[in-house]
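Asker: Just to be clear, the model below is a prediction. Sequence and coordinates:
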Amino acid sequence: MRSSRCYSLDIKDYSASCSNKFQLDDVVESQQFDTDILNGIFEVAYEMEKIEKNSQGSNMLKGYLMATLFYEPSTRTRLSFESAMKRLGGEVLTTENAREFSSAAKGETLEDTIRTVEGYSDIIVLRHFESGAARRAASTASIPVINAGDGPGQHPTQALLDVYTIKREIGRLDGISLGLVGDLANGRTVRSLAYLIAKYQKVKIYFVAPDVVKMKDDIKDYLTSMGIEWEETSDLLEVASRCDVIYQTRIQKERFGERIDLYEAARGKYIIDKKVLEVLPKHAVIMHPLPRLDEITVDVDDDPRAAYFRQAKNGLYIRMALLKLLLLGW
Amino acid sequence: MRSSRCYSLDIKDYSASCSNKFQLDDVVESQQFDTDILNGIFEVAYEMEKIEKNSQGSNMLKGYLMATLFYEPSTRTRLSFESAMKRLGGEVLTTENAREFSSAAKGETLEDTIRTVEGYSDIIVLRHFESGAARRAASTASIPVINAGDGPGQHPTQALLDVYTIKREIGRLDGISLGLVGDLANGRTVRSLAYLIAKYQKVKIYFVAPDVVKMKDDIKDYLTSMGIEWEETSDLLEVASRCDVIYQTRIQKERFGERIDLYEAARGKYIIDKKVLEVLPKHAVIMHPLPRLDEITVDVDDDPRAAYFRQAKNGLYIRMALLKLLLLGW
Amino acid sequence: MRSSRCYSLDIKDYSASCSNKFQLDDVVESQQFDTDILNGIFEVAYEMEKIEKNSQGSNMLKGYLMATLFYEPSTRTRLSFESAMKRLGGEVLTTENAREFSSAAKGETLEDTIRTVEGYSDIIVLRHFESGAARRAASTASIPVINAGDGPGQHPTQALLDVYTIKREIGRLDGISLGLVGDLANGRTVRSLAYLIAKYQKVKIYFVAPDVVKMKDDIKDYLTSMGIEWEETSDLLEVASRCDVIYQTRIQKERFGERIDLYEAARGKYIIDKKVLEVLPKHAVIMHPLPRLDEITVDVDDDPRAAYFRQAKNGLYIRMALLKLLLLGW
């Protein structure tokens, strides 16, 4: 179980990345993006930022209908997608707990559900509890599908917004120093981020994690094969003083089962607090995929280098960009 | 309990069908439609099909607000109604589990809820767990009410979309040969379909059902009284070779209680598969109200005669038509 | 527990009411309104009534996005707010059970949730199970927050619609005679209503409640300090014959725990029925915050003095007014 989770970012697929950067049919997994596509998406996201800030929305997607088909709840992700669609003038059909309530409970396959829902909408945003569900949905549907997280598998829009945030906050992606902190074994986001950032030049990555949740070998081997420098360390302050980006993550209690003692030990080990801010370079930023517990203390929030709420907001711009690209093209 | 369910399509009411075909105040039950009204609705549904396909929606219902008041979840039906409203430019207020969450839990009557909700909206789509709830709601409300299924009672928009699908697929309703297969005792849809199709000329109906879920006498007697030929048989292939429409249904496990053995026997008895396709006439179609389990094998899906996903889509057009008719008139 | 509930309308705060009637940043509690602000809001609500009745909605709030963040379900309140927003051309992001489904389940603070959601929307309507939650949200958010009920605390839009209904039905607020009936100990609405109506001149209040749920001393003392006449009595008919407004409330079963006997005794004691109508002045009205059980018999509903469904509808106008005022200003 554990192993299927941590290997869920299937890094062997990356060679199959889309060669035509101007054709985006679905958003299923991080592996489908090369740097050309990434940069293209980021340009559109930046336009979206201007659209959202300078006016009361847009009518770009007027008449389009998005179905948010969520087989497990994720209020944050759902609201972000729905806000993105509505900010562009589009409309939304929502189902927040498709698993419990829909025909799925009567034994209907995902494929049948997709073939019905595609008749009611123009694009499907799917959140599912099974790895691979988004890929199955995308190959069934005649309309675009966006993966909003499929179990232990992929959550590509989170990966995109993370990389976009680094670009927006630091101004570049090449040559970045990145400290990944916290639950590196189970964290889907840090694994995806490491995977995507490796596509850029002269990146340096530091892993700072309690022993029980260290980064797995597959990502390390992949980074090495890509010529990316990486280092494992337990000295958070040292890392903080050298990095452009500190990416903190929540230790996921649910992965520890009954070993609450191990969880508590891991949880308290690497905290971002005022002491970290003291050594962090002025231009650097702190990121976090949220929700946060106490792995970043609240007295850090007011520091201009605390980028995590801006990061959440970037999720809106990335999703606006993807909806625009999938429905209207580049 | 069982008997109240199977007699829930009260066939004695049909003489009370609406005499003025141009006045549609509510959609409560199949009995309210005569062939003139049916044909009128189907014409509007066909227009809706063109509206939905040729453009990015319509503004026909701009400014109108539909409340989907669902006391039991039915994601498919709800999304279909909400898509219909939004495709016509209208807006939606949604509550997916009114039973658990609303004032109903505090003991409020349906009538009081309706009188509150009618103040917030222009039309109410009601799904309820009690037979007769839609009729009570319609007589309380000063705005139109559409029955989206009331327990073991009625689901008239499903009945309408089924008949519309036959018309669209085969081109006519008079002279049709129809094979009803599967759970004919409990299936609300097949009972309503038999009831409505009997209004047309020279119809022939074949019943193909496991013994435990045979069609009840009330519908048989009604068909006889309407001069409709019907036949009970166990030879699915023979029926398939003679029919214009095979209407397959799911054996409803929940009706078998602890007799899983009976359920399994009934479930496997009549399957639509490649063998059925071989004998099915070229012009004929296979319908199913969905969700399906394995009573139609997936290798049938690609056959052009597999009409069930088109049928689901027709639900959208029928609901668009009803919303238009109830809010704007003919 | 009980005491924290009944003192939750913190009457000592009233002196801090907003002095600048033209600045409304958030709607958090009844205490923030003085009579100037109340009258200003009521004028806008009356305009909203005309907008809603004379046309198919408005585009006043086109491009604005409201997030309904409900940590406990309240379908009636939610639909009222969402209808208000949509009647003015605005759009809505909905989450009906944020408590169970959102990041809150993972331990995220309300403040962090607010900082995320404010990135996706222009105004937040918050329903929460904890007293004080709305105030915390409002001080965190950079966008307006409306309290749609925070546990045993405040429900200011209900208080506003109650006072507005008296004004609309009777034509004035000064000199009003008001009978408060039913659960006066636990009823958030009657406590807020007593508090707000005390701001007007020459008001007389009668309390009619079973002994176990009598009005608490804090409100009585406050009324006395404001120079408001009040009287406690058990003669409902006598009160009904003298009042402009009878405000009936539901005895809240959930407050009686296992003492069902006490609940049943309290519940049956003061019923509004035909006998009450016989003595009620012609110009007077009966109000109720809904949902109702049998504390008003249904044969009262058709009497023109039964104002409770009009009262519910006024909730729509008040909420339209508040959304307009918070997003566009006076």
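Answerer: Structure's in. What do you need?

Asker: Dihedrals phi and psi, whichever residue of chain A sits closest to chain B?
Answerer: Proximity of chain A to chain B (Cβ to the nearest Cβ) peaks at A:G63, 2.8 Å away. Heads up, the C-betas are built off the backbone N, CA and C, glycines and all. Main-chain dihedrals, A:G63, degrees, to the nearest 10: phi 90, psi -10.

Asker: looking at it, it is touching B:N54, isn't it?
Answerer: No. Checked against Cβ atoms under 8 Å, the pair A:G63 and B:N54 is beyond contact range at 11.8 Å.

Asker: who's more crowded, the two?
Answerer: Neighbour count, other Cβ atoms under 10 Å in any protein chain shown: between A:G63 and B:N54, A:G63 has more, with 18 against 8.

Asker: Show the pLDDT at that one.
Answerer: pLDDT recorded at A:G63 is 94.

Asker: mind listing what the nearest residue to A:I219 once chain neighbours are set aside touches?
Answerer: What sits nearest to A:I219 in space, not counting adjacent residues and going by Cβ to Cβ, 6 or more residues apart in numbering or on different chains, is A:A194, at 5.2 Å. A:A194 sits next to A:180, A:205, A:215, A:219, A:222-223 when contact means Cβ atoms under 8 Å, 6 or more residues apart in numbering or on different chains.

Asker: One more: A:A138?
Answerer: A:25-26, A:28, A:144-145, A:147.

Asker: Can you tell me which of the residues you listed is closest to A:L79?
Answerer: A:N147 (17.1 Å; Cβ to Cβ).

Asker: could you say which helix or strand contains that closest one?
Answerer: strand A:145-150 (DSSP states H and E).

Asker: For that strand, the averaged confidence score.
Answerer: 96.

Asker: Does chain C have contacts with that strand?
Answerer: No. Strand A:145-150 does not reach chain C (Cβ under 8 Å from any Cβ of the partner chain); its nearest approach is 13.5 Å.

Asker: Dump that strand to PDB, keeping only the CA atoms.
Answerer: Presented in PDB, the C-alpha positions along strand A:145-150 are these (Å, rounded to 0.1, in the frame of the first residue of the first chain):
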ATOM      1  CA  VAL A 145     -10.900  16.000 -18.600                       C
ATOM      2  CA  ILE A 146      -8.800  17.700 -15.900                       C
ATOM      3  CA  ASN A 147      -7.400  15.500 -13.100                       C
ATOM      4  CA  ALA A 148      -8.000  17.300  -9.800                       C
ATOM      5  CA  GLY A 149      -6.300  14.500  -7.900                       C
ATOM      6  CA  ASP A 150      -6.700  10.700  -8.300                       C
END
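
Asker: which ones are touching the spatially most central residue of chain A?
Answerer: For chain A, A:Q158 is the residue whose C-alpha lies nearest the centre (Cα atoms, centre = their mean; 1.5 Å). By Cβ under 8 Å, 6+ apart, the contact set of A:Q158 is A:77, A:149, A:188-189, A:192, A:289, A:315.

Asker: Can you tell me what sits against the strand holding A:N147?
Answerer: Contacts for strand A:145-150 (Cβ under 8 Å, 6+ apart): A:26-29, A:68, A:70, A:74, A:77-78, A:81, A:114, A:123-135, A:137-138, A:153-158, A:188, A:319, A:322-323, A:326.

Asker: Can you dump the C-alpha atoms of the following helix or strand past it in PDB for me?
Answerer: Once strand A:145-150 ends, the next helix or strand along the chain (criterion: DSSP H and E) is helix A:156-170. The C-alpha atoms that make up helix A:156-170 are tabulated as PDB, following Å, rounded to 0.1, in the frame of the first residue of the first chain:
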ATOM      1  CA  PRO A 156      -1.100  17.900 -11.800                       C
ATOM      2  CA  THR A 157      -2.700  21.300 -11.300                       C
ATOM      3  CA  GLN A 158      -1.100  21.400  -7.800                       C
ATOM      4  CA  ALA A 159       2.300  20.700  -9.400                       C
ATOM      5  CA  LEU A 160       1.700  23.400 -12.000                       C
ATOM      6  CA  LEU A 161       0.800  26.000  -9.500                       C
ATOM      7  CA  ASP A 162       3.800  25.200  -7.400                       C
ATOM      8  CA  VAL A 163       6.200  25.700 -10.200                       C
ATOM      9  CA  TYR A 164       4.300  28.800 -11.400                       C
ATOM     10  CA  THR A 165       4.600  30.200  -7.900                       C
ATOM     11  CA  ILE A 166       8.400  29.800  -7.900                       C
ATOM     12  CA  LYS A 167       8.600  31.500 -11.300                       C
ATOM     13  CA  ARG A 168       6.300  34.400 -10.100                       C
ATOM     14  CA  GLU A 169       8.000  34.800  -6.700                       C
ATOM     15  CA  ILE A 170      11.700  34.400  -7.700                       C
END
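
Asker: What is the helix or strand that helix A:156-170 is followed by packed up against?
Answerer: Remark: after helix A:156-170, the chain's next helix or strand is strand A:177-181, criterion DSSP H and E. Secondary-structure packing of strand A:177-181 (3 or more Cβ pairs under 8 Å, 6 or more residues apart in numbering or on different chains; DSSP states H and E): helix A:188-197, strand A:204-208, helix A:236-242, strand A:245-248.

Asker: Out of those, indicate the one that is most buried.
Answerer: strand A:245-248 (a mean of 26; mean count of other Cβ atoms under 10 Å in any protein chain shown).

Asker: Mean confidence (pLDDT) on it, please.
Answerer: Here the average pLDDT along strand A:245-248 is 98.

Asker: do that strand and chain C meet?
Answerer: No. Using Cβ under 8 Å from any Cβ, strand A:245-248 stays clear of chain C, with a minimum separation of 13.5 Å.

Asker: That strand pairs with which strands, parallel or anti?
Answerer: strand A:177-181 (parallel), strand A:285-287 (parallel) (DSSP bridges).

Asker: Using TSV, lay out those together with mean pLDDT and mean neighbour count.
Answerer: Formatted as TSV, the strands paired with strand A:245-248 follow (pLDDT from 0 to 100; neighbours: other Cβ atoms under 10 Å in any protein chain shown):
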stretch	mean pLDDT	mean neighbour count
strand A:177-181	98	26
strand A:285-287	98	26
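
Asker: OK, contacts around A:K214?
Answerer: Contact analysis of A:K214 by Cβ under 8 Å, 6+ apart lists A:184-185, A:207, A:232.
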